[in-house]
Structures are given as C-alpha cells and as structure tokens.
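# Turn this into a structure:
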Amino acid sequence: MALNQSSPSSLYSPSQFNLSTTPPRFQRSFLKLPFLFNDHPNLVMGRAQISKSGPDNVVSDPNIDGFGPKKALQCDEDDGCLSSSAIDFLTLCHSLKTTKRKGWINHGIKGPESIADHMYRMALMALIAGDNSGVNRERCIKLALVHDIAEAIVGDITPSDGVPKVEKSRMEQAALNEMCKVLGGGMRADEIQELWAEYENNSSIEANLVKDFDKVEMILQALEYETEHGMVLDEFFLSTAGKFQTDIGKSWAAEIISRRKSS
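Numbers count the residues shown, from 1 in each chain. From the prediction side, this is the model:
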C-alpha cells in the first residue's frame with residue numbers, strides 16, 4: 001500500500017524514516033503519534049494511521065484496509081469488545097506478523113522471524129512448562145502474548161537504535177494506550193494494560209518466568225540460525241548469560257547451551 005503523502009494533516013514524510021527493512025506491501029501511513037518519535041526520527045513507525053477528527057468518540061481510520069470513520073465505543077464488559085473495535089484492533093496487530101525482529105536483520109539473517117513468531121513460541125513455553133508452586137500458567141501465557149504487543153506501532157527497538165530504556169518504555173506505553181483506544185477500552189483493554197505493565201516492571205513471579213522465556217526463546221532461535229546458516233551468533237548468548245531468574249529459565253538455557261557446544 002502506498003504511503004499517504006497528500007494529506008495536509010500528515011505530520012511526517014517518508015524521507016524522515018528508514019523503510020529499507022519494511023516490505024513495500026506492508027508500508028502503510030504512519031501512526032500520528034508525534035509524542036512518540038520527536039527525538040528518534042530514524043525509528044520506523046507502525047503501519048496504521050489513527051487520527052481523531054470531530055467528536056472525541058469518533059476515530060477516523062481511513063488507511064487500515066479501507067476502513068472508514070467509526071465509533072470508538074466502550075466495550076461491553078459482559079460481551080467483550082464490539083465487532084468493529086475487535087477487528088480494528090486485530091488489523092492493527094497485523095504488523096506483529098510482518099515486522100521482522102531487528103536483531104536478526106542486523107546480523108544478516110535472511111527471512112528472520114517476526115515479532116509474532118517470537119511471542120507465539122514464548123506462549124508455547126508457558127503452556128508446556130511444568131507446574132510450579134504459586135505460578136499461574138494461564139497468566140504466563142497471557143503475558144507472553146502481550147509483552148511485545150506495543151511493537152505493532154513502535155516496531156522492534158533494539159539497543160543498537162540508541163534509545164534509552166526509559167524512553168523506549170515511554171514510547172511503548174503511549175503506543176499501548178492508543179491500541180487500547182482502538183480496542184474500545186473496557187475490561188479487555190484494562191487487562192492488556194495490566195499485563196503489559198506487570199511484565200515491564202517484572203513485578204510478579206509470572207513476569208519473572210516470562211522474562212526468562214523471552215531470553216530462552218532468543219538464544220534457541222540464535223542456535224537454530226547458527227545451525228541453518230553456518231554462522232556464529234555469540235552476542236545473543238553473551239547478553240543473556242547470568243541473567244535468568246527462575247529454575248526453569250536456567251535449566252532450559254543450560255540445555256540450549258549444552259546443545260550448542262556439542263554441535
């Protein structure tokens with residue numbers, strides 16, 4: 001889809017951003033969140049454009065697959081989100097499936113995993129992990145599915161981008177707020193906000209475990225890419241060494257490292 005350059009209200013032009021890693025068919029108009037990107041013009045913004053016009057409860061969203069203006073009504077807490085809000089939200093999340101993880105791109109991996117690929121295998125880790133006293137496995141699955149969801153808008157920000165951790169968190173929180181508005185607010189949006197904050201703050205034993213899964217998934221993927229491409233990806237193993245918080249995380253990481261040494 002071509003970038004919308006003709007709109008007088010457009011806040012950004014394509015030349016301000018590096019789109020070299022984004023396939024043309026997925027380059028959509030940028031999300032109008034100037035408070036996210038004023039200081040980081042080189043970061044690629046999300047694929048959807050969400051701009052308000054008229055009354056506060058109307059979201060003008062002409063660039064998400066042809067959707068026109070529609071009401072951003074509050075979700076019914078008994079029935080879940082309205083169909084229109086649910087589909088708008090899921091469409092916005094589409095970029096999680098198509099945005100490739102930047103760490104692998106930076107190392108020259110061809111056809112690397114997407115953000116959604118990463119989150120999905122983390123959710124599987126939570127599903128198959130043995131029962132642990134006091135750990136809510138269902139919550140771990142939810143945390144895995146939500147922890148990188150704001151990247152649907154801000155993209156995969158890595159240390160190589162030079163964005164301070166506090167600033168990265170602020171940008172992702174702002175993006176998450178916009179996503180929850182698209183969802184229509186209500187109980188489900190509140191749950192997503194709560195889950196994201198719990199993971200971000202590492203504030204529960206479930207968050208501890210899922211943060212370990214995040215690292216375990218990364219080094220497992222690194223080992224797979226080393227095997228497939230005949231390369232060495234030491235950086236990913238060194239960056240996680242000694243940082244696992246749970247017995248499961250330590251055990252699974254040790255198994256991956258053992259397999260790497262033997263191969």
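# For the closest residue to L233 other than its chain neighbours, which three-state class applies?
In this structure, L233 finds its nearest non-sequential neighbour in A222, 4.4 Å apart by C-beta to C-beta, 6 or more residues apart in numbering. All C-beta atoms are positioned from the backbone trio N, CA, C, and that covers glycine. Following DSSP: H, G, I helix; E, B strand; the rest coil, A222 is assigned to helix.
# could you list every residue that touches A222?
A222 makes contact with 233, 236-237 under the criterion C-beta atoms under 8 Å, 6 or more residues apart in numbering.
# Can you tell me how far it is from S263?
According to C-beta to C-beta, to the nearest Å, A222 and S263 sit 13 Å apart.
# Worst mean pLDDT across the helices and strands of the protein, which element?
One helix or strand of the chain scores below all others by mean pLDDT, DSSP states H and E: strand 58-60, with a mean of 34.
# Other residues contacting stretch 192-202?
Outside stretch 192-202, the residues touching it (C-beta under 8 Å, 6+ apart) are 139, 142-143, 146-147, 149-150, 169, 172-173, 176-177, 179-180, 183, 203-204, 206-208, 210-211.
# Now it: buried residues?
192-193, 195-196, 198-200 (16 or more other C-beta atoms under 10 Å).
# Just give me the closest of these to A241.
Comparing these against A241 with C-beta to C-beta picks out Y199 as the nearest, at 21.6 Å.
# For G108, see how far away the closest one is.
30 Å.
# and L90, how many neighbours does it have?
L90 is flanked by 12 other residues according to other C-beta atoms under 10 Å.
# again with K165
9.
# and what of N208?
Counted with other C-beta under 10 Å, N208 comes out at 18.
# Which residue is the nearest non-sequential neighbour of it?
In space, N208 is closest to Q245, 4.6 Å off (C-beta to C-beta, 6+ apart).
# now do I115
L96 (4.7 Å).
# before we move on, what about M179?
L92 (6.2 Å).
# quick one: pLDDT of the one you found?
We have a pLDDT of 96 for L92.
# Now do it against A86, distance only.
11 Å.
# These two: who's more crowded?
L92 (24 against 16).
# returning to that earlier point: report the contact partners of the residue nearest to I115.
114-116, 119, 148-149, 151-152.
# Where does it sit, in terms of helix or strand?
helix 94-98 (DSSP states H and E).
# Could you report the neighbour count for the closest residue to G134 other than its chain neighbours?
In space, and not counting its chain neighbours, G134 is closest to I205: 6.1 Å by C-beta to C-beta, 6+ apart. I205 has 16 neighbours, counted by other C-beta under 10 Å.
# do R101 as well
For R101, using other C-beta under 10 Å, the count is 20.
# any idea how far it is from A222?
11 Å.
# Can you classify K243 by secondary structure?
coil.
# And the pLDDT at it?
pLDDT, K243: 97.
# Do I have it right that it meets V216?
No: at 10.9 Å, K243 and V216 do not qualify as touching, with contact defined as C-beta atoms under 8 Å.
# more neighbours, these two?
V216 (24 against 12).
# Tell me the spacing between the more buried one and V166.
Distance, V216 to V166, using C-beta to C-beta: 26 Å.
# Could you do M122 as well?
24 Å.
# Looking at the two, which is more packed in?
A direct count of neighbours by other C-beta under 10 Å for M122 and V166 places M122 higher, at 25 against 8.
# tell me the SS of the more buried one?
Classified using three-state DSSP, M122 is helix.
# Show me the contacts of stretch 192-202 that map onto helices.
139, 142-143, 146, 169, 172-173, 176-177, 179-180, 183, 206-208, 210-211 (DSSP state H).
# Among those, name the buried ones.
Using 16+ other C-beta under 10 Å, the buried members of the ones in helices among the contacts of stretch 192-202 are 139, 142-143, 146, 172, 176, 179-180, 183, 206-208, 210-211.
# Any stretches of this structure with poor pLDDT?
1-81 (pLDDT under 70).
# show me where this protein has helices.
So, for the chain - with DSSP H - the helices run 34-37, 83-92, 94-98, 102-106, 115-128, 137-146, 151-154, 165-183, 186-200, 205-229, 234-240, 247-262.
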